[in-house]
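>>> sequence first, then the predicted structure, then my questions.
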Amino acid sequence: MAKYVIAIDQGTTSSRAILFDRSGSIVSTGQLEHEQIFPHAGWVEHDPMEIWEHTREAIGQALSKANVTRHNVEAIGITNQRETTVVWDKTTGKPVYNAIVWQDTRTQPIVDRLAAEGGVDRFKDVVGLPLATYFAGTKIAWILENVEGAREKAEAGDLLFGTTDTWVIWNLTGGVEGGIHVTDVTNASRTLFMDLTTLSWREDILAEFGVPLSMLPEIKSSSEVYGHASDESLLRETPIAGILGDQQAATFGQAAFDAGEAKNTYGTGNFLIFNTGEEIVKSENGLLTTVGYKLGDQPAHYALEGSIAVTGSLIQWLRDNLGLISSAPQVETLAAKVEDNGGVYIVPAFSGLFAPYWRPDARGAVVGLTRYVNKNHVARAALESTAFQTAEVLDAVNADSGVPLEELKVDGGMTANDTLMQFQADVLGVPVVRPVVAETTALGAAYVAGLAVGFWENLDDLRGNWQEDKRWEPNLDPAERDRQYRLWKKAVTRTFDWVDEDVR
């Protein structure tokens, strides 16, 4: 009987289930998109019940397409849209509010309040993160402060918090009928509440946020058997054996296991992760310090991360909000019609600017417009903004690590765009390399689950699965590259200081 590992990838725009074989190849996929809810400017929400229903359906699709059953599945791995926050009643299984998505900026007043004493880096030495709307901690605080009855229920011990890995696992293992309330070190490291050294919750920091410890899941390693799917699931009795936040999962799927290895994922946002091994490296250049992975009882591996809020979602914005294109791939068609951006730069600071600036006061800008500019230039500028933002993050990684990357491994949906990947190599001045299996996020989740149950024996097995698919070499004149990069940085400064007291 053929054996597989299934990865559940609960992402920002969709929930997927992907079956992988021992070679790390995709056998089948199930996928359903969920609604993006925008109640106010800067607010981004998801319906957790819709996410759970779609996850169940995606599992069914993946099994059906491969014509297999739970008996063919050795383990379940989970990966997820990290900081997105769900708070639910453990007695009813119902969320008390929609999931507040990582892109959401409504909690800036809470950030400001907490930063009044000690600044935005108040907890950074302990948790590796600055105070920012991006992370889960302020989102939990907002729910407790703004949802009627939530504070009382939380203090009575009736509310649970989880990022979407925790929400999916709790439901998959029975929900109100004995659901397991766990997360892994990588997701815990995105809350503002976990001590990077001890890998445990900090009660003193929780007290500052007004969040009861009873709400939080138990922190586990990234690779161990946490429990089994319930009898209500198509995967009943299958061990759930791996959890990784999506960007750490993509790094693991790229086989970047060792210090000095890195990857960049092109999705809704862009996330560059640089493995620092067992050393906790504190950034001096606007990067985050985070947990990369922890395999069972082995020591944790840490990483520096450059988080960019808006890349692929800028293309969605051109399609859905402006109607400039009718489908995402069309942006490359338009961009290829012109030789350059016509002097246009788009800085998509829709949620402020993340790494390396951390400017919540920034908002998006299109600069350099003249009558010469047409929609093709705008499309090209949108693609180029992704490459420029990545270049700034890579500069920060190089400065913090002291060891410049000689090539960049890439993955994610936007790597199918040859125009973007070529420009990325041009603006970085180093080769850009894409693997055969571009779905590295789901693959990483499958890998940690498979390691826990012996489906793969060790990391060397996984390294042997990695294969290069395509490589882009830089061919832009260095002087022209420097000119364009200088103009990009100039454009970024035009987005600063937009948000005033009466502008959110």
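Good, I have the coordinates.

>>> distance of the residue of the chain most remote from its centre from H377?
Residue farthest from the centre of the chain, counting by CA atoms, centre = their mean, is R371 at 38.0 Å. Using CB to CB, to the nearest Å, R371 is found at 12 Å from H377. For glycine as for every other residue, the C-beta is placed from the backbone atoms N, C-alpha and C.

>>> then R471?
For R471, the distance to H377 equals 28 Å [CB to CB].

>>> these two: which has the busier surroundings?
Applying other CB atoms under 10 Å to R471 and H377 shows that H377 carries more neighbours, namely 23 against 12.

>>> surely that one forms part of a helix?
Yes. In this structure, H377 lies within a helix as judged by DSSP: H, G, I helix; E, B strand; the rest coil.

>>> what ranges does the stretch 1-150 of the chain have for its strands?
4-10, 14-20, 26-33, 45-46, 73-80, 85-89, 99-100 (DSSP state E, counting those that start in this stretch).

>>> where do the helices sit along the stretch 401-504 of the chain?
Secondary structure of the stretch 401-504 of the chain (DSSP state H, counting those that start in this stretch): helices at 418-428, 440-453, 459-465, 478-493.

>>> which of the strands of the stretch 1-150 of the chain sits closest to Y302?
strand 73-80 (18.6 Å; CB to CB).

>>> packing partners of that closest one?
strand 4-10, helix 164-172, strand 239-245, helix 246-253, helix 440-453 (3 or more CB pairs under 8 Å, 6 or more residues apart in numbering; DSSP states H and E).

>>> what helices or strands is the longest one leaning on?
When contacts are defined as 3+ CB pairs under 8 Å, 6+ apart, helix 440-453 packs onto strand 4-10, strand 14-20, strand 73-80, strand 223-228, strand 239-245, helix 246-253, strand 262-266.

>>> just the mean pLDDT for the fourth one, thanks.
So the one you mean is strand 223-228. Mean per-residue pLDDT for strand 223-228: 97.

>>> report the backbone C-alpha coordinates of it in CSV.
Provided in CSV are the C-alpha atoms of strand 223-228 (Å, rounded to 0.1, in the frame of the first residue of the first chain):
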residue,chain,number,x,y,z
SER,A,223,8.1,17.7,15.2
GLU,A,224,6.4,15.3,17.6
VAL,A,225,3.1,13.5,17.8
TYR,A,226,0.7,15.9,19.5
GLY,A,227,-2.5,13.8,19.2
HIS,A,228,-4.7,12.1,16.6
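
>>> gap between the closest residue in space to V111 that isn't next to it in sequence and M49?
Leaving aside its sequence neighbours, V111 sits nearest to L131 (CB to CB, 6 or more residues apart in numbering; 4.9 Å). Distance from L131 to M49, counting by CB to CB: 30 Å.

>>> these two: who's more crowded?
L131 (27 against 17).

>>> for the more buried one, give me the pLDDT.
Predicted confidence (pLDDT) for L131: 94.

>>> and if you look at the one 5 residues further on?
We have a pLDDT of 97 for A136.

>>> next up, the contacts around it.
Contacts for A136 (CB atoms under 8 Å, 6 or more residues apart in numbering) come out as 83-85, 161, 163, 190-193.

>>> most neighbours, which of these?
Result: L192 is most packed of the contacts of A136 (other CB under 10 Å), 31 neighbours.

>>> quick one: it and V127 touch, right?
Yes. With contact defined as CB atoms under 8 Å, L192 reaches V127; the gap is 5.5 Å.

>>> if we can go back for a sec, lowest average confidence across the helices and strands packed on helix 440-453, which one?
Out of the helices and strands packed on helix 440-453, strand 262-266 stands lowest, with a mean of 90 (criterion: mean pLDDT).

>>> tell me what angle it forms with helix 418-428.
Here strand 262-266 runs at an angle of 140 degrees relative to helix 418-428 (axes from the mean of the first three to the mean of the last three CA atoms, to 10 degrees).

>>> so what secondary structure elements neighbour strand 262-266?
helix 246-253, strand 270-277, helix 375-401, strand 408-411, helix 440-453.

>>> gap between L288 and T91?
Taking CB to CB, one finds L288 at 36 Å from T91.

>>> of those two, who's got more company?
Taking other CB under 10 Å, L288 and T91 do not tie; L288 has more neighbours (25 against 10).

>>> what residues are up against the more buried one?
Neighbours of L288 in contact, by CB under 8 Å, 6+ apart: 128-130, 304-307, 355.

>>> V44: which of these is nearest?
When those are compared for distance to V44 (CB to CB), S307 wins out at 15.4 Å.

>>> which residue sits closest to the closest one in space, ignoring its chain neighbours?
F354 is the one closest to S307 (CB to CB, 6+ apart), at 4.6 Å.

>>> how many residues are close by L443?
L443 has 31 nearby residues by other CB under 10 Å.

>>> please give me every residue in contact with the residue lying closest to T163 once chain neighbours are set aside.
Distance criterion CB to CB, 6+ apart; nearest residue to T163, sequence neighbours excluded, is N187 at 4.8 Å. If you count contacts by CB under 8 Å, 6+ apart, N187 has them with 80, 82, 163, 165-166, 243, 245.

>>> gap between N187 and V27?
26 Å.

>>> please apply the same query to A309.
Remark: distance between A309 and V27 (CB to CB) = 33 Å.

>>> who has more neighbours out of the two?
A309 (23 against 17).

>>> wait, the more buried one sits on G269?
Yes. A309 is within contact range of G269, at 5.0 Å (criterion: CB under 8 Å).

>>> joint contacts of the two?
Common neighbours of A309 and G269, counting by CB under 8 Å, 6+ apart, are 103, 354.

>>> nearest spatial neighbour of E468, chain-adjacent residues omitted?
Computed as CB to CB, 6+ apart, the closest residue to E468 that is not its neighbour in sequence is V433, at 5.8 Å.

>>> er, V101 actually
Here the residue nearest V101, using CB to CB, 6+ apart, is V44, at 4.0 Å.

>>> follow-up on the earlier one: how about the helices and strands packed on helix 440-453 in TSV, adding mean neighbour count and distance to T440?
Below are the helices and strands packed on helix 440-453 laid out as TSV (neighbours: other CB atoms under 10 Å; distance: least, CB to CB, whole Å):
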stretch	mean neighbour count	distance to T440
strand 4-10	29	10
strand 14-20	24	11
strand 73-80	29	10
strand 223-228	20	17
strand 239-245	30	11
helix 246-253	32	3
strand 262-266	27	7
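
>>> pipe the ones you listed into a markdown table and attach distance to V492 per row.
Formatted as a markdown table, these follow (distance: least, CB to CB, whole Å):
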| stretch | distance to V492 |
| --- | --- |
| strand 4-10 | 31 |
| strand 14-20 | 30 |
| strand 73-80 | 30 |
| strand 223-228 | 39 |
| strand 239-245 | 27 |
| helix 246-253 | 23 |
| strand 262-266 | 19 |
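
>>> G137 is nearest to which of those?
G137 sits nearest to strand 239-245 of all the helices and strands packed on helix 440-453, at 15.1 Å, using CB to CB.

>>> take that closest one, keep the C-alpha atoms, and write them as PDB.
Presented in PDB, the C-alpha positions along strand 239-245 are these (Å, rounded to 0.1, in the frame of the first residue of the first chain):
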ATOM      1  CA  PRO A 239      -1.200  11.200  14.100                       C
ATOM      2  CA  ILE A 240      -0.800  15.000  13.900                       C
ATOM      3  CA  ALA A 241       2.900  15.200  14.100                       C
ATOM      4  CA  GLY A 242       4.200  18.500  12.800                       C
ATOM      5  CA  ILE A 243       3.600  22.200  13.100                       C
ATOM      6  CA  LEU A 244       5.500  25.100  11.600                       C
ATOM      7  CA  GLY A 245       4.500  28.700  10.900                       C
END
